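# Everything below, folded, please.
(chains A and B)
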Amino acid sequence: MQGDFYQLLKEQGYVLGMSGQAGVGQALTTATTILAFKYRDGVLVAGDRRATAGNMVMYDRTDKVLEIDRHSVMAIAGVPATAYEMVRILEHSFKYYRRTQLQELSFEGKLRALSKLLKENVPAALAGTGAVVPIFAGYDAEQESAKIYFYDILGAEFEGVEYAVSGSGSPTIRGILHYVNTWGEQPLSAMSEEQAAVQALRLLTSAAEFDSATGGVNREAGLYPVVKLITPNGVTAMADPHLRSLFESNVSKGS
Amino acid sequence: MYEEPYRWVEAVGNRRQYLDAQFAQGSPVVGVSCDQGILLMTMSKGTPKLYEIYDRLALGGMGHPADLEKLRFTLLEMAHVEGFNRSASDVTGSRLIKYGIAPVVKQAFEEVFKAPFIAKLLLGELGQKAGKDGFLTINYDGVFEEKNRYAVLAASSSVEQRMVEYLRPQSCVSLKDAVDLAIHAWAIGDRAQRHTDDTGGDPKDGKGSSDQPVADSQTLMTHIRQCMQGKSIECVLLDRHVAGTSKYRTLGSGELETLLPKDLSSALT
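Just a heads-up that it's a prediction; the model follows:
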């Protein structure tokens, strides 16, 4: 198939994921809360920054909302080693396609590329050593709209028409999102950039309250969630000082 | 019969003559470094001749489209596999050309029973800082050269020499300067190639072109305007200021209009 970077890697002997024995009793680095929802100007994608292995907090500065290209983002939940590898493959695949075929890969093509990687990773996912449950969001230039998709570990893709969540903290915020979107002052899709960012901070703070594997805001260390915005102009990350200001004025109980 | 050393040398000589003639009608390529990045410029008839290779690498080529495509794909495969297996910082023009492309091109050129690559390449590499930009050129026989500030491709080395003589004393600061210099250098190269072709000069030594004086700016612009009736100006930029990892972008007609000399920008519309 022309312009297929993953095929090129496989021809050179590359194998994704670690298949084989189930990882019984092994504490793999995992757990997370990631979310994406449509707001007035596009899609907001956010994630906490904690990586855990069993009961241990491995790292508190993880970036789980990764830019694949100028118009798409993959938020990762699951085993980071496999998830980061998938992100690197996708990043190279999209670039390779654009550079060889002299045109952008379609949005559907990008979705399918991730689905294929997840399918290839099924043995590792079922063995318990490499399950990844991502959210893919991006701007579809042909349809002129921002879109959200979420996946299961087998590679099935589902469109999140208004929002999508994943990770161990997601059950908590899924209900909140439904409530806010249905009976809130305004639906998520009518929110401004600032309102959407405040909503994301509140949701992730709620997830951290009930899920020990989700990291909350750590003001002393200056650690805030990663929040990225996808609009027709591309992907932008919200800067920490801006998030701090929004958190202090709209989320913190002391405000 | 090519087993005899003399026959082999003769065959390679014939091949060189054949190849030199193949480039006579080609469009020169100019690469110029400026504050904003690296500009590559040529004129083409529909099919683009300037390409993105990797985050900081852009390619310009002369020759047969099928051979250019083959070499372009080889570069793309090498660059992306290297970038994935190691890192983007390890993908350098120097390694791609010296250890990747040059041996393949040289081997094809010297294997007289097989078809050589009818292609010359120019690779621009954007440095991390201004002043660290570089260029690599590779000839159809596998000979490569490293340059900084500017580099050119043309039908013969004497035509290239004329273009370089024009570029050498010029200072290039802004993108507008770079576009202006590239356009002038291209016109000098294209005129010299046509003169060589018309006078039946040997494209290899290019005697016909070296006798011809460098024309004034007005004449060069007139030449470009004439060329614009059948071809279009193609400019790409490895832009230091673009956000994200990929620095390559094409200069669209709107942007070119503001960068080209006035009498040419009016011819664009």
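# just the strands in the stretch 101-250 of chain B please.
Along the stretch 101-250 of chain B, counting by DSSP state E, counting those that start in this stretch, strands occupy B:119-125, B:134-138, B:144-147, B:150-153, B:232-239, B:248-250.
# Which one of the ones you listed lies nearest to chain A?
Smallest distance to chain A across the strands of the stretch 101-250 of chain B (Cβ to the nearest Cβ): 8.4 Å, for strand B:248-250. All C-beta atoms are positioned from the backbone trio N, CA, C, and that covers glycine.
# What's the first helix or strand after the closest one?
Counting by DSSP states H and E, the next helix or strand C-terminal to strand B:248-250 is helix B:253-259.
# how about the CA coordinates for the helix or strand following that following helix, as PDB?
Later in the chain than helix B:253-259, the nearest helix or strand by DSSP H and E is helix B:262-268. Extracted C-alpha coordinates of helix B:262-268, given in PDB (Å, rounded to 0.1, in the frame of the first residue of the first chain):
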ATOM      1  CA  LYS B 262       6.900  44.300  -8.600                       C
ATOM      2  CA  ASP B 263       6.900  43.700 -12.400                       C
ATOM      3  CA  LEU B 264       6.900  39.900 -11.700                       C
ATOM      4  CA  SER B 265       4.200  40.000  -9.100                       C
ATOM      5  CA  SER B 266       1.800  41.700 -11.500                       C
ATOM      6  CA  ALA B 267       2.500  38.800 -14.000                       C
ATOM      7  CA  LEU B 268       1.400  36.300 -11.400                       C
END
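# Centre of the chain to helix B:262-268, how far?
The chain centroid and the centroid of helix B:262-268 are separated by 24 Å, computed with Cα atoms, centre = their mean, to the nearest Å.
# do the same with stretch A:61-68
Averaged C-alpha coordinates place stretch A:61-68 at 7 Å from its chain's average position (Cα atoms, centre = their mean).
# Outside of that stretch itself, list whatever touches it.
Outside stretch A:61-68, the residues that touch it by Cβ atoms under 8 Å, 6 or more residues apart in numbering or on different chains are A:32, A:34, A:45-51, A:73-77, A:80, A:84, A:87, A:90-91, A:94, A:110, A:138, A:223, A:226-228, A:235, B:244.
# swap the cut-off to 6 Å and go again
Applying Cβ atoms under 6 Å, 6 or more residues apart in numbering or on different chains, the contact partners of stretch A:61-68 are A:32, A:34, A:45, A:47, A:49, A:51, A:73-76, A:87, A:90-91, A:226, A:228, A:235.
# how far does it stretch from start to finish?
One end of stretch A:61-68 sits 19 Å from the other (Cα to Cα, to the nearest Å).
# Report the mean confidence score over that stretch.
For stretch A:61-68, mean pLDDT is 94.
# buried residues in it?
Residues of stretch A:61-68 classed as buried by neighbour count (16 or more other Cβ atoms under 10 Å in any protein chain shown): A:62, A:64-68.
# and which of those is nearest chain B?
Within those, the smallest distance to chain B is 7.6 Å, found for residue A:67 (Cβ to the nearest Cβ).
# for that closest one, phi and psi?
Backbone geometry at residue A:67, expressed as degrees, to the nearest 10, gives phi -80, psi 120.
# element containing residue A:175, please.
With DSSP H and E as the criterion, the answer for residue A:175 is helix A:170-183.
# who touches that helix?
A:33, A:162-163, A:165, A:187-188, A:203, A:206-207, A:210.
# what's the angle between the helix or strand following it and helix A:170-183?
Sequence order places helix A:193-210 as the next helix or strand after helix A:170-183, per DSSP H and E. Here helix A:193-210 points in a direction 140 degrees away from that of helix A:170-183 (axes from the mean of the first three to the mean of the last three Cα atoms, to 10 degrees).
# Give me the distance between whichever residue of the stretch 101-250 of chain A sits closest to chain B and residue B:49.
Closest residue of the stretch 101-250 of chain A to chain B, Cβ to the nearest Cβ: residue A:102 (7.3 Å). Taking Cβ to Cβ, to the nearest Å as the measure, residue A:102 falls 12 Å from residue B:49.
# more crowded one of those two?
Neighbour comparison, residue A:102 and residue B:49: the larger count goes to residue B:49, with 23 against 11 (by other Cβ atoms under 10 Å in any protein chain shown).
# What separation do you get for that one and chain A?
Residue B:49 sits 12 Å away from chain A, going by Cβ to the nearest Cβ, to the nearest Å.
# Least confident secondary structure element in chain A?
strand A:29-30 (a mean of 56; mean pLDDT, DSSP states H and E).
# list the contacts for residue A:251?
A:201-202, A:205.
# so what's it closest to, chain neighbours aside?
Leaving aside its chain neighbours, residue A:251 sits nearest to residue A:201 (4.9 Å; criterion: Cβ to Cβ, 6 or more residues apart in numbering or on different chains).
# count of neighbours near the one you found?
Using other Cβ under 10 Å as the criterion, residue A:201 is surrounded by 24 other residues.
# Was I right to think it contacts residue A:247?
Yes - counting by Cβ atoms under 6 Å, residue A:201 touches residue A:247, with 5.4 Å between them.
# next structured bit after the helix or strand where residue A:123 lies?
Using DSSP H and E, residue A:123 sits within helix A:122-127. Next helix or strand after helix A:122-127 toward the C-terminus (DSSP H and E): strand A:135-140.
# Name the strands paired with that next one and say parallel or antiparallel.
Applying DSSP bridges to the sheet, strand A:135-140 is found paired with strand A:72-75 (antiparallel), strand A:145-151 (antiparallel).
# now the first one, how far from the chain's geometric center?
By that I understand strand A:72-75. Distance of strand A:72-75 from the chain centroid (Cα atoms, centre = their mean) equals 6 Å.
# quick check: angle from the helix or strand following that strand to strand A:135-140?
Using DSSP H and E, the next helix or strand after strand A:72-75 towards the C-terminus is helix A:80-101. Here helix A:80-101 points in a direction 20 degrees away from that of strand A:135-140 (the same axes, to 10 degrees).
# how near is the residue nearest to residue A:251 to residue A:88?
Here residue A:201 is placed at a distance of 29 Å from residue A:88 (Cβ to Cβ).
# do residue A:238 as well
Going from residue A:238 to residue A:88 by Cβ to Cβ gives 24 Å.
# Pick out whichever of these two has more residues nearby.
More crowded of residue A:238 and residue A:88, by other Cβ under 10 Å: residue A:238, with 22 against 14.
# List the contacts of the more buried one.
By Cβ under 6 Å, 6+ apart, the contact set of residue A:238 is A:197, A:227.
# State the distance from it to residue B:102.
Computed as Cβ to Cβ, the residue A:238 to residue B:102 distance reads 47 Å.
# got it, and residue B:238?
Applying Cβ to Cβ, the value for residue B:238 to residue B:102 is 22 Å.
# More neighbours: which of those two?
Legend: neighbour count by other Cβ under 10 Å for residue B:238 and residue B:102, higher for residue B:238 (26 against 19).
# burial measure for the residue in the stretch 101-250 of chain B that chain A sits nearest to, as a count.
Using Cβ to the nearest Cβ, the single residue of the stretch 101-250 of chain B nearest to chain A is residue B:244, 5.9 Å away. Residue B:244 is flanked by 11 other residues according to other Cβ under 10 Å.
# Now the phi/psi pair for it, please.
Per-residue torsions, residue B:244: phi 90, psi -180 (degrees, to the nearest 10).
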